[in-house]
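> build me a model:
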Amino acid sequence: MQKNLFFFLFTFILLNTCTQKPKTAVVASWKGHNLYADEFQKMYIAYASANPIRDNQALRKRYAEYMLEQKIIANIAQNNGLDTLKEVKIDVKLKKDNVLRQQYMRSIMDSRVKKPEEMEIREAFRKKSTGILLEQIFSKTAAEIDSLDKLLKSGKKFEDLAINSMRKYNPNQPDTTYKMGWITYGEMDLAPEEVAFSLKEGQRSKPVKSFNGWHIFRAAKIRSTTNVDISAYQNERENLSNNLYRRRFEEATQHYLDSTLQSLPLSINNKTLQKVWGKIEPWIKKANPENLAIILTIECAKYSDSDLPRTTPLAQVDGATYTVGQFIDHLQTVPAFMIQSNLTEAVEFALKNSIFAKRAELNGYNENSIVELEERTAKIIGLYYAKLRKTVDTLNTERLKDEYYEKWKETYFIDTMITTFKAYVYKDSANVWKTINAWQKSRNFKQAVEESSAHLRIETRTTRAALADINGIPEHNLPMDSDKMDQVFAGPYDDIDGTVILIAPVSRSYVFIPRENANERLDEVVTKNLSSVTHEQILPAEYSKSAVVYNLEALDGIVPYYSESASQKMK
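Numbers count the residues shown, from 1 in each chain. This is a model prediction of the structure:
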């Protein structure tokens, strides 16, 4: 479902971003703090596209509540003067520049990108059910790949050429690196994908170019699941079409950016570039993939070095100077794999973003409503996280322990679970299954039990178990749902005296770890949830979730619900 939701939302964005008017409806508010519909739409779509969710009104309310709280905290941050922080200014500018470039490129590329035709969509459906165990010979240049192709045709072994070609660019990798593994539809650039999926088993391809370089492929094995069900195709058709169009749009945009940069006079000062690496290498070494973006945001904002000032020229492009400071500020937008000792590719990536954002400004895109929305939401998020970082350094977590012990008792500090349940005790399994079959037909458990009353007795029982031991004990794992209690049961199970029972829970209570014994666990829990703890501590003392006012009509209409089942309102 998640992929379908992503493509559904992608299509909605693509069809509406160029034409939609600013949406000024308020979706949630508290004491003069308002969350506007366009802000919610933008952030909720991004959230729903990145997370496995079931879209419904209850989820939209929770997310609107969280966004409203972010705005309240951002307003506090602005009143504290945090909007003057360099890290906030840089973050807002980078996000605005990215959308400036996107909007400018959309105006150029929309008419150039071909919409998928029916046969192309059907071919995508075929590829989607195909996997290829692929191998490759690789080169960065057209001349070298042509030379390798001639060697193949002269009788050289594919394996030997493949191993040597990969070793040239990855000397420390194993000899098997040329084996790409099982490749499925959507994992490659469009041109190499077209070539690879046209191969027969054991066949090799002609040289083909990707964004990374040049390849000669060989299909070691092919597996395919032929699906002739027309309904399966119809169910997938829209998603496949949207996916193919999106990929074409992204690749066409990338080609345009690359060719434009190549056409401009560009010179990079390699000595200065090596000095830049010397400055940022320690940041990279102390980071991991999870916190790299945060570390770069903080370190880039703090950067001030007399040995290599921010104003030092790093490159000349199209007659303009690109400085060390400009590159440092753009570093957090550069893909992680480009941030290595040779930073040339990283500089070119940053330059493309910078050049086209500037062109967008010159063409009046600062007045674009989508750019304005991006700047507004980027400022909210930038201020929010700046306030969190400022507060977390001074937060006295010791004084919060009593508060969070009470708040999180049922989540983290249960010692023993006590469940009271009804046990429907039968003499044999045959009568149990009569009850179950009667319940399945009538959907009325109480009636089914009454019909079998001559063959059972009903007892009220209570069991206790340590939280660590409840797995496998059915009464402790059944949901407590007071509205549907006569429908919630487990079994049948063999009872200790040879009878058979069905189980339905009646009540559940807990024995908690005493507060005085919970300090070590509290430290772990508060540290684990430090962001949410800090978030709650910054909110005004008078703030109450129950006092938030929602515009449910606006929440429902902000973007179509993905499906009827997903749009069930949970009130």
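> now do the strands in this structure.
Assigned by DSSP state E, the chain shows strands spanning 26-30, 33-36, 130-139, 179-184, 208-209, 214-224, 266-268, 313-317, 320-323, 414-426, 456-466, 490-494, 500-512, 549-550.
> nearest to residue 149, out of those strands?
strand 214-224 (6.1 Å; C-beta to C-beta). Any C-beta I mention is one placed from the backbone N, CA and C, and that applies to glycine too.
> what sits up against the closest one?
129-142, 144-145, 148-149, 152, 158, 179, 192, 195-196, 199-209 (C-beta atoms under 8 Å, 6 or more residues apart in numbering).
> re earlier: can you list the strands of the chain in JSON lines and add distance to residue 380, mean pLDDT and mean neighbour count?
Shown next, in JSON lines, are these (distance: least, C-beta to C-beta, whole Å; pLDDT from 0 to 100; neighbours: other C-beta atoms under 10 Å):
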{"stretch": "strand 26-30", "distance to residue 380": "14", "mean pLDDT": "96", "mean neighbour count": "22"}
{"stretch": "strand 33-36", "distance to residue 380": "10", "mean pLDDT": "96", "mean neighbour count": "20"}
{"stretch": "strand 130-139", "distance to residue 380": "44", "mean pLDDT": "95", "mean neighbour count": "21"}
{"stretch": "strand 179-184", "distance to residue 380": "39", "mean pLDDT": "94", "mean neighbour count": "16"}
{"stretch": "strand 208-209", "distance to residue 380": "42", "mean pLDDT": "95", "mean neighbour count": "16"}
{"stretch": "strand 214-224", "distance to residue 380": "44", "mean pLDDT": "94", "mean neighbour count": "19"}
{"stretch": "strand 266-268", "distance to residue 380": "36", "mean pLDDT": "92", "mean neighbour count": "13"}
{"stretch": "strand 313-317", "distance to residue 380": "32", "mean pLDDT": "93", "mean neighbour count": "18"}
{"stretch": "strand 320-323", "distance to residue 380": "29", "mean pLDDT": "93", "mean neighbour count": "15"}
{"stretch": "strand 414-426", "distance to residue 380": "37", "mean pLDDT": "86", "mean neighbour count": "19"}
{"stretch": "strand 456-466", "distance to residue 380": "45", "mean pLDDT": "85", "mean neighbour count": "13"}
{"stretch": "strand 490-494", "distance to residue 380": "47", "mean pLDDT": "80", "mean neighbour count": "15"}
{"stretch": "strand 500-512", "distance to residue 380": "38", "mean pLDDT": "83", "mean neighbour count": "17"}
{"stretch": "strand 549-550", "distance to residue 380": "19", "mean pLDDT": "96", "mean neighbour count": "15"}
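> tell me the bridge partners for residue 221.
residue 133 (DSSP bridges).
> how much space separates it from residue 195?
17 Å (C-beta to C-beta, to the nearest Å).
> export the strands of the chain to JSON lines and tack on distance to residue 522?
Output for these, formatted as JSON lines (distance: least, C-beta to C-beta, whole Å):
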{"stretch": "strand 26-30", "distance to residue 522": "30"}
{"stretch": "strand 33-36", "distance to residue 522": "32"}
{"stretch": "strand 130-139", "distance to residue 522": "49"}
{"stretch": "strand 179-184", "distance to residue 522": "45"}
{"stretch": "strand 208-209", "distance to residue 522": "58"}
{"stretch": "strand 214-224", "distance to residue 522": "52"}
{"stretch": "strand 266-268", "distance to residue 522": "53"}
{"stretch": "strand 313-317", "distance to residue 522": "49"}
{"stretch": "strand 320-323", "distance to residue 522": "48"}
{"stretch": "strand 414-426", "distance to residue 522": "14"}
{"stretch": "strand 456-466", "distance to residue 522": "20"}
{"stretch": "strand 490-494", "distance to residue 522": "34"}
{"stretch": "strand 500-512", "distance to residue 522": "12"}
{"stretch": "strand 549-550", "distance to residue 522": "34"}
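> which stretch among these comes nearest residue 251?
Closest among these, once you apply C-beta to C-beta, is strand 208-209, at 11.6 Å.
> sheet partners, orientation included, of that closest one?
strand 214-224 (antiparallel).
> so the strand it pairs with versus strand 130-139, what angle?
If you take axes from the mean of the first three to the mean of the last three C-alpha atoms, to 10 degrees, strand 214-224 sits at 160 degrees to strand 130-139.
> how does the chain divide into domains?
By the assignment in automatic domain parsing, the chain contains the domains 1-79+549-571, 81-111+264-394, 130-224, 419-512.
> out of those domains, the one nearest residue 408 is which?
domain 419-512 (10.3 Å).
> quick one on the thing from earlier: distance to residue 244 added to the domains of the chain, as a markdown table?
A markdown table is the format used below for these (distance: least, C-beta to C-beta, whole Å):
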| stretch | distance to residue 244 |
| --- | --- |
| domain 1-79+549-571 | 10 |
| domain 81-111+264-394 | 15 |
| domain 130-224 | 8 |
| domain 419-512 | 43 |
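> low pLDDT regions in the protein?
Applying pLDDT under 70 to the chain flags residues 1-23, 226-229, 472, 479-488, 562-571.
> longest helix in it, please.
Using DSSP state H to define each element, the chain has its longest helix at helix 230-263.
> what angle do strand 313-317 and that helix make with each other?
Using the same axes, to 10 degrees: helix 230-263 against strand 313-317 is 100 degrees.
> buried sites along helix 230-263?
By 16 or more other C-beta atoms under 10 Å, the buried positions in helix 230-263 come out as 236-237, 239-249, 251-253, 256-257, 261.
> could I get the full set of helices for the stretch 301-450 of the chain?
For the stretch 301-450 of the chain, the helices defined by DSSP state H, counting those that start in this stretch cover 324-330, 344-362, 369-392, 401-407, 409-412, 429-442, 445-451.
> wait, which of the ones you listed is closest to residue 523?
helix 401-407 (8.3 Å).
> buried stuff in that closest one?
Neighbour counts over helix 401-407 (16+ other C-beta under 10 Å) mark 401, 404-405 as buried.
> does anything pack onto it? Which helices or strands?
helix 519-528 (3 or more C-beta pairs under 8 Å, 6 or more residues apart in numbering; DSSP states H and E).
> got the CA coordinates for the helix it packs on in PDB?
Written as PDB, here are the backbone C-alpha positions of helix 519-528 (Å, rounded to 0.1, in the frame of the first residue of the first chain):
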ATOM      1  CA  ASN A 519      15.800   5.800  38.500                       C
ATOM      2  CA  GLU A 520      18.100   3.900  36.200                       C
ATOM      3  CA  ARG A 521      15.300   3.000  33.800                       C
ATOM      4  CA  LEU A 522      14.000   6.600  34.000                       C
ATOM      5  CA  ASP A 523      17.400   7.900  32.800                       C
ATOM      6  CA  GLU A 524      17.300   5.600  29.800                       C
ATOM      7  CA  VAL A 525      13.700   6.500  28.900                       C
ATOM      8  CA  VAL A 526      14.100  10.200  29.300                       C
ATOM      9  CA  THR A 527      17.300  10.100  27.200                       C
ATOM     10  CA  LYS A 528      15.600   8.000  24.500                       C
END
